[in-house]
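# Can you look at this prediction? I've put the sequence above it.
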Amino acid sequence: MWCGNLFYFYGAIFCMSLLRFRVYWEEDDLVYRDIEIRSGQSFLELHQAIIKAYEFDGKHGASFFESNDRWHRGREINSEVLVNKKDAPALSMTRTPVSALVGKPDQKFVYAYDPVKQWTFLVELIGVSKEEDQKRSYPQMVRREGLGPIQYGVRGVAADKLMEIEEKYDLGADEMAEGFSSEGEEGMSSEDVGGGTDSFDE
């Protein structure tokens, strides 16, 4: 298993180890997922584990960025880059093992998913272990805290419930997509309901 060129004191510890990362949602540090991954596995595998843990669709590009303790972005590791080239602006997730860029006990990365939406997560190394659970496949989510961000639509509204609402109010798919009617005397805006103007971001 290749462990890269680690020049830090802790490099030998991280080589051939099981690494546990805590992946915080940038907008709420009470929302996080803990993921364990073998040090020799790639950043692409870590990216896929984060997507799965937060229930995103994985259809968009993503990047990791090396980070300091203040979460300033450094060197990029990108999902669209296929090979590592000298002096290239970004490394390849596929070709770069996690251990190659982990050199201290609290190593940090910034993870950004979907260049348009810019979902951002803060990734921090919180544990190193020499022992693997032979019954598990890695990477593996081992802890979940908080309700994560919703990539599309509204979480927790089942399809049959939407059908009930549609039938009750005699609404078609177009009206449902627009949030009921926006025209005519019977249409109600968000300001008409409860007198508030609050909205919810995706």
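That came through fine.

# make it CA atoms for all contacts and neighbour counts henceforth
OK.

# Where does the prediction get shaky in this structure?
Residues of the chain meeting the criterion pLDDT under 70: 1-16, 153-202.

# Could you pull out the helices in it for me?
11-14, 43-53, 159-168, 173-177 (DSSP state H).

# Give the other helices and strands that the longest one contacts.
Looking back up the chat, that one is helix 43-53. Where contact means 3 or more CA pairs under 8 Å, 6 or more residues apart in numbering; DSSP states H and E, helix 43-53 is packed against strand 28-38, strand 140-145.

# possible to save those as TSV with mean neighbour count and distance to L82?
As requested, those are arranged in TSV below (neighbours: other CA atoms under 10 Å; distance: least, CA to CA, whole Å):
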stretch	mean neighbour count	distance to L82
strand 28-38	20	21
strand 140-145	15	24
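
# can you tell which of those is closest to E124?
strand 28-38 (9.5 Å; CA to CA).

# Within its local environment, how many residues does I126 see?
Look at I126: counted by other CA atoms under 10 Å, it has 17 neighbours.

# Going forward, the N-terminal residue is numbered 36.
OK, 36 is where the count begins now, so the last one is I161.

# domains in the chain, as residue ranges please.
46-180, 192-224 (automatic domain parsing).

# hey, which of the ones you listed is tucked in deepest?
domain 46-180 (a mean of 18; mean count of other CA atoms under 10 Å).

# ok so, going back, and the helices and strands packed on helix 78-88: which comes nearest R57?
strand 63-73 (4.4 Å).

# and the closest one, which strands flank it?
strand 53-60 (antiparallel), strand 175-180 (antiparallel) (DSSP bridges).

# Now R73: closest residue in space, sequence neighbours ignored.
L53 (4.6 Å; CA to CA, 6 or more residues apart in numbering).

# Now do P150 against K94, distance only.
According to CA to CA, to the nearest Å, P150 and K94 sit 11 Å apart.

# same check, this time on E62
22 Å.

# And for F144?
21 Å.

# Next: D63.
Taking CA to CA, one finds D63 at 24 Å from K94.

# Check K139 too.
Taken as CA to CA, the span from K139 to K94 is 32 Å.

# same thing with D104?
30 Å.

# list the contacts for the nearest residue to Y67 once chain neighbours are set aside?
Closest residue to Y67 apart from its sequence neighbours, by CA to CA, 6+ apart: Y59 at 4.2 Å. Applying CA atoms under 8 Å, 6 or more residues apart in numbering to Y59 gives the contacts 65-68, 156-158.

# Could you pull up the residues touching the closest residue to V116 other than its chain neighbours?
Among residues not flanking V116 along the chain, S127 sits closest, at 4.7 Å (CA to CA, 6+ apart). Listed by CA under 8 Å, 6+ apart, the contact set of S127 reads 112-119.
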